[in-house]
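Chemist: coords please:
(chains A and B)
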Amino acid sequence: MTDTLKILIVDDEQIVLKSCEAILSAEGYDIETTLSGKDAILRMEKQHYDLVFTDLKMPEVDGITLIKWIKNEKPATGIVVITGYPSQDTIREALGVGIIDYVPKPFTPTVLLDVAARAVEWIKKEHPVLKEDEEFPPAMLEEIQRVIKQYKDRPGSSIPVLQRCQQIVGYLPPEIQKIIAKGLNITPAEIHSIVSFYSFFTMTPRGDHNIRICLGTACYVKRVEDVLDKIKDILQIDVGEVTEDKKFSIEAVRCLGACGLAPVIVIDEDTHGALTPKKVPAMLEQYT
Amino acid sequence: MEKHRSNLMICAGTGCIATGTHQVRDALEAEIKKHKLTDEVKVVLTGCNGFCAEGPVMMVFPEDIFYQKITVEEVPKLVEEHFLKGRPYEKLMFKEPLKKSVIPIMHDIPFFKYQVLRVLRNKGLIDPESLDEYIARDGYQAAAKALTEMTPEQIIKTVKDAGLRGRGGAGFPSGLKWEFASKTEADKKFMLCNGDEGDPGAFMDRAVMEADPHSVIEGMIIGAKAIGSNHGVIYVRAEYPLAVERLQMAIDKCMEIGLLGKNIFDSGFDFELEIYLGAGAFVCGEETALMRSIEGKRGMPRPRPPFPAHKGLWDKPSVLNNVETLAQVAPIILNGSEWYRSVGTEQSAGTKVFALTGDIKNVGLVEVPMGTPLKTIIYDIGGGMTNKKKKFKAVQMGGPSGGCIPEAMLDVPVTYEDIIKTGAIMGSGGMVVMDEDTCMVSTSKFFLEFTAEESCGKCTPCRVGTQVMLDLLTDITEGRGKEGDIETLEDLSHDIIATSLCGLGQTAPNPVLSTIRYFRQEYESHINNHYCQSGICGDLCSFEITDACKGCQACVRACPKDAIVGEKKQLHRIMQDLCIQCRSCYNACKFQAVDIKPALKKDKQAPAVKDEEVTQ
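Modeler: Presented below is the predicted three-dimensional model:
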């Protein structure tokens, strides 16, 4: 179907390489595979590839490093990410550097071929690459459709669907809410009423590192407010906001259930307990 | 299971994980391997041990030796001393505060000595991810008995006779709830578990779900049989990822070996169980709201009747029990109602788990017989105030629905009926201890902020009333309080209580009423004298250094505004025009030489009068 496009697939799992190769070469693409990012760079120095499909988490040279290298050295090569965790958190950096699309793992042959076809389009037309926050990668939207399909016929599924979608996109902007409403066959107003009611849902994107600060009673008694003030002071943002460089966001939560460590905050998945304003700068330093 | 000479039960509760459980575990395993002790000594990660204040903690089984505050650096020494040389390592043991001698045996430590473990029967003893270990501790025997030997009527009678009451807060007799649902005819019924622990300052349900998920599942199987339900849902907060993970693992295991699913124990009884993730709304602790939330709607309460036992989830008869209540069920079925009543009081039988937090030394999770005096919990188990120089002021029970109990009432036994007389409520079991540096007006404002935000908005008195009360309290703490505000607060409170539909509104004013009742003088001082004695309300206080100052410069270093001047070993003073009333100096002073005074008059803000202001 094409004038043999050359594709390099980089993944540290042999099984992924094998299945990609089987699916794509059957469609007439010229496929090469490698298990390491380092080897991928060596190969690209020797010859030109139209497209590179790469995993993000790999030993030694990881996906992000590889993508940055390609952007600098081989800007004509299109990049597609293969990832097991297609959430805003993991893929944001890749989007920021500039990729065409991504393939969520595990994938079906159709998904892989769709993405490949779109990538080919991109190479031909030299489409602008996806930019963070401007639009949603097609594969992300497909992922949402899959979630909707999975839950569609179950009564009362709007909350689990919203939870999953928030995991995928990172937040729930109106466009995504509309897609969900259509998929579940309920009005956007109803979806919005749920999003606005539950504190777990957010309509603003979070930073790379989300700081959840506990405003429970034990933390209150242990002066969590002083700690919060210090954090706000350093980051120059308020609760519910994101720093300009999108590195940090602050979210207030009602009791994290770790009162023994009060005052306590959670950054990403790490719990920081027994905090004082003095400890704040060093703690934030770990994430910059 | 393989036998080892020693088992190291290291706590993997949230508190201890944050203080380094996993690193200590890795270090222990490496060290044990190094000394070729792998066949003799086994490291087990358990659920929350409860003694969160001293984490990471570890118990050596079978000797019952307790180690606390273990660091990776100390591990080699610990392994060498205890397991090679055979002498327990004193450096990491619990030290008696006054005598400075160590207490090696866990059950001799006061924190553990006064506790009676029923809900937390397996705490620190089993690996929460192992079904075998739960079964080895008599797990699922009660379920087997209930399913194969007992009729629903017998189960309900046993639970009723035991006097088990809802541990979520309201204390409704659980057996009675089951009876109502059991008697309702329907093609489908639901057995629900409320794991949406919303009270700030309470974390016992989280600990139970994380440390002993099977105890909740077993309670649900028994309850399901009693009411005749084949479908169960556990509603858990999304903020508790570890609890969700462990519950899911436990459910999968049970499905695998037939403890859940079709024809359990060959009894012909089917029961399926799933987890539903809450999305963060305090009002969803209310049963009708929780059920609407599972239906995928906004979690708003509806009027009762019809009661959920008749028309609940999807309009089918449903029973909702709290996590801790369900964890009490299996031992009751196994040991009988007489046994259960052997501790506790006539009207409040059995034990209750409390989360002890705040300005108290031994922060953690404790389970005591009902009727234990508050004093015993706070001073004997809790070890008194963190800062021994500070006096006890109040203990807050029942979260945003509860109230503050002052020192004069500490002899009160913890039972549903006695606690309510103090103006607080038993609640789900959060006990937040506050010392004299706490401002009671700010504390009630804190709770009102919570309820005003969490009010679902359905009833106007709750939605608007809590906001008006919050505005009044904000005015009082910022120096705009006026005569009559206290009375207005009281009036509003009674109106909101009388006209709200659900428990949230009916109890939201409690924190205000109880603090007015016991600490009215503080409200008056805020309003009339513009003076916050505890120095929390920055607009209503100033700080002054007294003659007790030794000139140690601790406050100079602590002050963020460089507002304190004074040479070493000489009396320091605060430059009032620079002071922002942040309390840093007050907290830093080891000699209690910083006094909290009424606010200075603000009208002297004209420039160039620095010296005059300082001498005020």
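
Chemist: C-alpha coordinates for the host helix or strand of A:Val147, PDB please?
Modeler: With elements taken from DSSP states H and E, the one containing A:Val147 is helix A:138-151. In PDB, the C-alpha atoms belonging to helix A:138-151 read as follows (Å, rounded to 0.1, in the frame of the first residue of the first chain):
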ATOM      1  CA  PRO A 138      -6.200  10.400  18.500                       C
ATOM      2  CA  ALA A 139      -5.100   7.300  20.400                       C
ATOM      3  CA  MET A 140      -6.100   9.000  23.700                       C
ATOM      4  CA  LEU A 141      -9.600   9.600  22.300                       C
ATOM      5  CA  GLU A 142      -9.700   6.000  21.200                       C
ATOM      6  CA  GLU A 143      -8.800   4.900  24.600                       C
ATOM      7  CA  ILE A 144     -11.700   6.900  26.000                       C
ATOM      8  CA  GLN A 145     -14.000   5.200  23.500                       C
ATOM      9  CA  ARG A 146     -12.800   1.800  24.600                       C
ATOM     10  CA  VAL A 147     -13.600   2.700  28.300                       C
ATOM     11  CA  ILE A 148     -17.000   3.900  27.300                       C
ATOM     12  CA  LYS A 149     -17.700   0.800  25.400                       C
ATOM     13  CA  GLN A 150     -16.600  -1.400  28.300                       C
ATOM     14  CA  TYR A 151     -19.000   0.300  30.800                       C
END
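
Chemist: who are the neighbours in contact with the residue in chain A positioned nearest to chain B?
Modeler: Proximity of chain A to chain B (Cβ to the nearest Cβ) peaks at A:Gly260, 2.8 Å away. The C-beta positions use only the backbone N, C-alpha and C, and glycine is treated the same way. Residues near A:Gly260 by Cβ atoms under 8 Å, 6 or more residues apart in numbering or on different chains: A:273, B:15, B:52-53, B:55, B:203, B:357, B:363-365.

Chemist: ok, A:Val115 - how many residues close by?
Modeler: 24 (other Cβ atoms under 10 Å in any protein chain shown).

Chemist: and it, that's in a strand?
Modeler: No - read with DSSP: H, G, I helix; E, B strand; the rest coil, A:Val115 is helix and lies in no strand.

Chemist: for it, give me its contacts.
Modeler: Here A:Val115 is in contact with A:80, A:101-103, A:138-139 (Cβ under 8 Å, 6+ apart).

Chemist: buried subset of those residues?
Modeler: Buried members of the contacts of A:Val115, scored by 16 or more other Cβ atoms under 10 Å in any protein chain shown, are A:80, A:101-103, A:139.

Chemist: now tabulate those in JSON lines and tack on secondary structure.
Modeler: Output for the buried ones among the contacts of A:Val115, formatted as JSON lines (three-state DSSP):
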{"residue": "A:Val80", "secondary structure": "strand"}
{"residue": "A:Asp101", "secondary structure": "strand"}
{"residue": "A:Tyr102", "secondary structure": "strand"}
{"residue": "A:Val103", "secondary structure": "strand"}
{"residue": "A:Ala139", "secondary structure": "helix"}
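
Chemist: neighbours of A:Ala22, how many?
Modeler: 11.

Chemist: may I have the helix or strand where it lies exported as PDB, CA atoms only?
Modeler: Taking DSSP H and E as the criterion, the element that holds A:Ala22 is helix A:14-26. Extracted C-alpha coordinates of helix A:14-26, given in PDB (Å, rounded to 0.1, in the frame of the first residue of the first chain):
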ATOM      1  CA  GLN A  14      10.900  -9.100  22.500                       C
ATOM      2  CA  ILE A  15       7.200 -10.000  22.300                       C
ATOM      3  CA  VAL A  16       6.200  -6.400  21.400                       C
ATOM      4  CA  LEU A  17       8.800  -6.300  18.700                       C
ATOM      5  CA  LYS A  18       7.700  -9.600  17.200                       C
ATOM      6  CA  SER A  19       4.000  -8.700  17.100                       C
ATOM      7  CA  CYS A  20       4.600  -5.200  15.700                       C
ATOM      8  CA  GLU A  21       6.900  -6.700  13.000                       C
ATOM      9  CA  ALA A  22       4.300  -9.400  12.100                       C
ATOM     10  CA  ILE A  23       1.400  -6.900  11.800                       C
ATOM     11  CA  LEU A  24       3.300  -4.100  10.000                       C
ATOM     12  CA  SER A  25       5.300  -6.100   7.600                       C
ATOM     13  CA  ALA A  26       2.200  -7.800   6.400                       C
END
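
Chemist: buried residues, it. List them.
Modeler: Under 16+ other Cβ under 10 Å, the buried positions of helix A:14-26 are A:16-17, A:19-21, A:23-24.

Chemist: turn the buried ones among the contacts of A:Val115 into a markdown table, columns for pLDDT and distance to chain B.
Modeler: Supplementary listing: the buried ones among the contacts of A:Val115 in a markdown table, determined by pLDDT from 0 to 100; distance: Cβ to the nearest Cβ, whole Å:
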| residue | pLDDT | distance to chain B |
| --- | --- | --- |
| A:Val80 | 88 | 31 |
| A:Asp101 | 81 | 29 |
| A:Tyr102 | 82 | 25 |
| A:Val103 | 82 | 27 |
| A:Ala139 | 79 | 25 |
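
Chemist: chain center to stretch B:268-287, what's the gap?
Modeler: Offset of stretch B:268-287 from its chain centre (Cα atoms, centre = their mean, to the nearest Å): 20 Å.

Chemist: could you write out the alpha-carbon coordinates of that stretch in CSV?
Modeler: What follows is stretch B:268-287 as a C-alpha-only set of coordinates in CSV (Å, rounded to 0.1, in the frame of the first residue of the first chain):
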residue,chain,number,x,y,z
GLY,B,268,-26.2,-23.6,48.1
PHE,B,269,-25.6,-19.9,49.0
ASP,B,270,-24.2,-17.6,46.3
PHE,B,271,-22.5,-14.2,47.0
GLU,B,272,-20.7,-11.9,44.6
LEU,B,273,-18.7,-8.9,45.8
GLU,B,274,-17.4,-5.9,43.9
ILE,B,275,-15.6,-2.7,44.8
TYR,B,276,-17.0,0.7,43.9
LEU,B,277,-14.6,3.7,44.0
GLY,B,278,-16.0,6.8,45.7
ALA,B,279,-15.1,10.1,44.1
GLY,B,280,-14.7,12.3,47.2
ALA,B,281,-17.9,13.7,48.7
PHE,B,282,-18.3,13.7,52.5
VAL,B,283,-22.0,13.5,52.3
CYS,B,284,-21.7,10.1,50.7
GLY,B,285,-21.1,8.7,54.1
GLU,B,286,-24.9,9.1,54.5
GLU,B,287,-26.6,5.9,53.4
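
Chemist: next, the buried residues of that stretch.
Modeler: Under 16+ other Cβ under 10 Å, the buried positions of stretch B:268-287 are B:269, B:271, B:273, B:275-287.

Chemist: again with stretch B:398-418
Modeler: Quick answer for stretch B:398-418 (16+ other Cβ under 10 Å): B:398-406, B:409-410, B:412-416, B:418.

Chemist: do the same with stretch B:219-232
Modeler: B:219-229, B:231-232.

Chemist: for stretch B:170-178, same thing?
Modeler: Result for stretch B:170-178 [16+ other Cβ under 10 Å]: buried residues B:170-171, B:174-175, B:177-178.

Chemist: can you count the residues close to B:Leu84?
Modeler: B:Leu84: 10 neighbours (other Cβ under 10 Å).

Chemist: tell me the contacts of it?
Modeler: Contacts of B:Leu84 by Cβ under 8 Å, 6+ apart are B:His35.

Chemist: do you know how far it is from B:Val41?
Modeler: 10 Å (Cβ to Cβ, to the nearest Å).

Chemist: ok, back up a step: now render the contacts of A:Val115 as TSV, adding distance to B:Glu256.
Modeler: Below are the contacts of A:Val115 laid out as TSV (distance: Cβ to Cβ, whole Å):
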residue	distance to B:Glu256
A:Val80	38
A:Asp101	39
A:Tyr102	35
A:Val103	32
A:Pro138	39
A:Ala139	34
